[in-house]
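> Model the structure of this input:
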Amino acid sequence: MVLDEATAFADPENEHQIQKAFETLTRNKTVLMIAHRLSTVQNADNIIVLNEGKIAEQGSHSALLEKNGVYAAMWADYQRSAQWKVGKEAAV
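Model prediction:
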């Protein structure tokens with residue numbers, strides 16, 4: 001099964017529903033998932049991180065975070081961006 005950017009345009013609520021469906025759909029199957037939204041691949045058995053067309057790192061989410069490399073930096077950026085809010089700023 002190949003999933004290419006399956007959650008790219010989903011809002012957070014629908015992304016959660018899609019993730020739940022993925023868990024059932026992909027159980028006991030080989031899946032190639034292409035994603036920029038890291039939460040999409042967080043539960044994968046094996047994540048391959050590409051950098052400039054080459055494999056930079058490979059492993060589970062927790063193993064890649066422990067390496068503190070490319071994936072860990074991308075995850076930290078993703079976590080910070082998830083906190084962004086659009087709204088009016090108070091005048092100073």
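> Please name the residues that touch the residue nearest the centre of the chain.
Nearest to the geometric centre of the chain sits Leu38, at 1.2 Å (CA atoms, centre = their mean). Leu38 makes contact with 74-75, 78, according to CB atoms under 8 Å, 6 or more residues apart in numbering. C-beta: built from backbone N, CA, C; applies to glycine.
> again, 10 Å this time
For Leu38, the set of contacting residues under the criterion of CB atoms under 10 Å, 6 or more residues apart in numbering consists of 47, 49, 61, 71, 74-75, 77-79, 82.
> Just the ones in helices from the residues you listed, please.
61, 71, 74-75, 77-79, 82 (DSSP state H).
> could I get these as CSV with neighbour count, distance to Lys29 and pLDDT?
Shown next, in CSV, are those (neighbours: other CB atoms under 10 Å; distance: CB to CB, whole Å; pLDDT from 0 to 100):
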residue, neighbour count, distance to Lys29, pLDDT
His61, 18, 19, 96
Tyr71, 23, 23, 95
Met74, 16, 26, 92
Trp75, 16, 25, 94
Asp77, 11, 30, 91
Tyr78, 14, 26, 85
Gln79, 11, 29, 88
Ala82, 11, 28, 74
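> Show the pLDDT at the nearest residue to Tyr71 once chain neighbours are set aside.
With CB to CB, 6 or more residues apart in numbering as the criterion, Tyr71 has its nearest non-adjacent residue at 3.8 Å, and that residue is Leu64. As summarised for this prediction, Leu64 has a pLDDT of 97.
> Who are the contact partners of Leu64?
By CB under 10 Å, 6+ apart, the contact set of Leu64 is 46-49, 56-58, 70-72, 74-75.
> rewinding a little: report the two of the contacts of Leu38 separated the most.
The most widely separated members of these are Val49 and Ala82, with 18.9 Å between them, by CB to CB.
> Could you list the domains of the chain?
The chain is divided into the following domains under automatic domain parsing: 1-44, 46-83.
> Buried residues, the last one. List them.
Neighbour counts over domain 46-83 (16 or more other CB atoms under 10 Å) mark 47, 49, 57, 59, 61, 64, 71, 74-75 as buried.
> Just confirm the residue nearest to Tyr71 is within a helix.
Yes. Membership of Leu64 in a helix is supported by DSSP: H, G, I helix; E, B strand; the rest coil.
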